[in-house]
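**Q** Build the 3D model from these lines:
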Amino acid sequence: MEDSINVIEIPGLIHNQIIKKITFKSEGLAIEKLRSFDPELNILAENITGFRFGVNPINGYMLTFGWQYLIQIQDAQNKITSIKLNSFYRLRSKVYSKIWAAIIYQLWNNYFIYSYNYYYDLYTIKQEFDLTGIKFHPFGISWEGGSMFWDEIALSNYQTYFMIYHKKELKKTKRCSFKNDWNALILQSLLKRIIQEHNAHRNPVV
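**A** So this is what the prediction gives:
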């Protein structure tokens, strides 16, 4: 990893004072609550194993009055650290949405790009492995209740999830959620690259 430091500051809901600071370093992640007696939370990069993210509605009686921008980080001991940005009545909604996206970007760029490269290297040497419940084989992928060859696979990508489906048997699908499935972004990125490579191989540019 490069010796770079990136800091994201999170302001309070009502005022502009910074209440939380997240520092991304090559050796790990630090989360500091500036207006709290809680100690700084540190997660070593080598112990970061998974992440997932999503946006949840905050519901009251018969209406939605806010949104929670959620990111969860899993470590090697299966401990989950949650980063929650709660916006009520549209307060800070745009700011928190941008911060939420920036945190996801930093997590990917500082830690999970290496996991993605690791799994891609396993694929290139035809080593079987499991990622987010999907088993990768030299011939294609499989999961509980289904399988596909590489030249049969297509993706449909949406904001909160993506679908793996058979090009001809459209009812043969596997849904993956960024909010519910650990490392779904790694899985999506990996499948995109492999599918592009297989398509390019079958349809070379003349």
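**Q** mind listing the strands in this protein by residue range?
**A** In the chain, the strands defined using DSSP state E lie at 5-11, 18-25, 28-33, 41-44, 48-60, 63-75, 80-88, 129-131, 134-136, 140-143, 146-149, 153-157, 161-166, 173-177.
**Q** out of those, nearest to residue 115?
**A** Checking those against residue 115 by C-beta to C-beta gives strand 48-60 as the closest, at 8.2 Å. All C-beta spots, glycine's among them, are computed from the backbone N, C-alpha and C.
**Q** Would you mind pulling up the elements that that closest one packs against?
**A** strand 63-75, helix 93-107 (3 or more C-beta pairs under 8 Å, 6 or more residues apart in numbering; DSSP states H and E).
**Q** got the angle between that strand and strand 173-177?
**A** 80 degrees (axes from the mean of the first three to the mean of the last three C-alpha atoms, to 10 degrees).
**Q** list the contacts for residue 74?
**A** Going by C-beta atoms under 8 Å, 6 or more residues apart in numbering, residue 74 touches 48, 49, 50, 51, 80, 81, 182.
**Q** do you know how far the third one is from residue 186?
**A** When distance is defined by C-beta to C-beta, to the nearest Å, residue 50 is 9 Å away from residue 186.
**Q** shaky segments in the chain?
**A** Scanning the chain for pLDDT under 70 picks out 1-4, 202-206.
**Q** Show me what the lengthiest helix in it packs onto, helices and strands only.
**A** Across the chain, the longest stretch assigned as helix under DSSP state H is helix 184-202. Other helices and strands packing on helix 184-202, by 3+ C-beta pairs under 8 Å, 6+ apart, are helix 113-124, strand 129-131, strand 153-157, strand 161-166, strand 173-177.
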